[in-house]
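Mind looking at a prediction? Sequence and model below.
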Amino acid sequence: MKKSILMIAMTLMVSAVGAQRNAQDYFVKTKNAKEVAPKVAATAKEDVVQEEEKAHNLMNELFPRLSLCDWNDSMVFMVLPDKRDLVLRVFNDGYTNNSVSTMSLNHQLLRYQGHSHDNGTNRDRINFVTEDGNRHPYYFEVPSGTFEDYCFTKYGVPSLAYINDVETARKVMLGKTLVTKSTAYRIDATYGEGSEEIQVPLDTEVKVVRIGVGTRAFPVKIIVADRKGREFFQNVAISRTNSGLRDEEFNMMDNQHHTFETAFDMMGDFALPSWHYDSHLGKVVFARRALKLKNTRGDEFTFPGLTTFKIMQIKSQRGKSSVKMTLQNTKNGTDYIAEVHFKDTPGAADVVGERDDIFENLFGEGNPASMKGVDARHIAAIRQGKIQKGFTETEVKLVREDDYEVVAQNNRTYSWQFSALYGKPSIRVVFDKRTKRVIQAFQAR
């Protein structure tokens, strides 16, 4: 699944985009809010290091850094001049060869069109056309030397923010869960283009709600919301394509929170925020079959089927689509840890039949001892996975949690057929139609 999403994202990123873009679609703002999310505890240090490495490798594949030497005509940029660019007049009109005020091109989208040599000036040019349908040509004149010499420098083309990073981020991050790795973020002013800094606790779990354009050096503006709905953002560099900065410059005081890896940490590819599972907190559940669980110290214990637990906590995990669930044994009050997937986890539903860590397959809701239709004298047999004469439908379902098919009926009886699952054999259960109790259970062929 991860591989398929990676391939889709890469295809979308490097392919030429035929649809006309609207520059205004890239400008997004935070909504005003008043509260900051509570701190979320970090995962174990060794797990974090391992998952951060996986996330780092994935980001490098999704957002490859392209030097000017490797640019191609699928690459689109937005003109975002700073004060220096306004003075220098970066571009020339491709029709008239006259220099153009950079401010007149502010927020214009330009597609790269390769480089060429002008024999009249004996200078190399880096060529672009507008994305507005007119395909008006502009070019940046290489200051000195050849294109081949210049393309290896850090400078790139001034005033251009790499829009492909924004588009790829939208495709792979919107709606996903991140964790804050800094404490300083920003919220937009209600009016105008200003923003103000706010403080956010480290390791706050957030959901990506909007992505737009930031600045040339930090082109991806990621707006996130905490569990209370408060929105804030950070402008970040991801691929660092055409950023105009050397690697060491990203570590300078003013820049150190503006790379993706210093601003956010990825959760699993399909992870939902922990609060998505709040409706499960406090519920009593029972083990559908024997389970091995670890206590908070890491000691492993085996519990028989029908053992009851109370769900105390559910946390998403960095780099994983599974959640870590804290279960309190209702008999001894001790906490145990289970790592599970839910069926509604994006990407999990299509492989439910191939995995044995799905929450709904491991646990049922309620306490079997107090369920209607469960006889305390049958508990031992249920735990052993035995369906006996006299069992009710509820008791049969406690033994076999999987789906069944009604395969035979007559005036006196009806039958349920269960397929082989989790090492359990295929079995047919015959019920009395009047009492709705088991008459016979036998292994089916």
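It's in.

Please identify the buried residues of stretch 385-394?
By 16 or more other C-beta atoms under 10 Å, the buried positions in stretch 385-394 come out as 387, 391, 392. Just so you know, the C-beta spots here come from the backbone N, C-alpha and C atoms, and that holds for glycine as well.

pretty sure residue 361 is in a strand, no?
No. Counting by DSSP: H, G, I helix; E, B strand; the rest coil, residue 361 is not found in a strand; it is helix.

Do I have it right that it meets residue 401?
Yes. Using C-beta atoms under 8 Å as the test, residue 361 is close enough to residue 401 to be in contact (6.7 Å).

List the beta-bridge partners for the residue lying closest to residue 408 once chain neighbours are set aside.
Nearest in space to residue 408, with sequence neighbours left out and distances taken as C-beta to C-beta, 6 or more residues apart in numbering, is residue 415 at 4.3 Å. Beta-bridge partners for residue 415, by DSSP bridges, are residue 408, residue 430.

related to what we said a few turns ago, nearest to residue 243 among the buried residues of stretch 385-394?
Distances from residue 243 to those, taken as C-beta to C-beta, are shortest for residue 387 (65.9 Å).

Please report the distance of the closest residue in space to the closest one that isn't next to it in sequence from residue 110.
With sequence-adjacent residues excluded and distances taken as C-beta to C-beta, 6+ apart, residue 387 is closest to residue 441, at 4.2 Å. For residue 441, the distance to residue 110 equals 73 Å [C-beta to C-beta, to the nearest Å].

Just want to know which of these two has more residues nearby.
Between residue 441 and residue 110, residue 110 has the larger neighbour count (other C-beta atoms under 10 Å), namely 26 against 22.

pLDDT score for the more buried one?
As predicted, residue 110 sits at a pLDDT of 98.

gap between the helix or strand harbouring it and the chain center?
According to DSSP states H and E, residue 110 maps onto strand 109-118. Here the centre of strand 109-118 is set off from its chain's centre by 35 Å, with C-alpha atoms, centre = their mean, to the nearest Å.

Describe which strands the helix or strand containing residue 338 pairs with in its sheet and in which direction.
According to DSSP H and E, residue 338 maps onto strand 335-340. Strand 335-340 has the following strand partners under DSSP bridges: strand 291-295 (antiparallel), strand 323-329 (antiparallel).

what's the closest of those strands to residue 317?
strand 323-329 (5.7 Å).

Contacts for that closest one, please.
For strand 323-329, the external contacting residues (C-beta atoms under 8 Å, 6 or more residues apart in numbering) are 274, 277, 285, 293, 296, 303, 307-317, 334-342, 359.

at 7 Å what do you get?
277, 293, 309-317, 335-340 (C-beta atoms under 7 Å, 6 or more residues apart in numbering).

For the stretch 51-200 of the chain, just list every one of the helices.
With DSSP state H, counting those that start in this stretch as the criterion, the stretch 51-200 of the chain has helices at 83-88, 147-150, 163-173.
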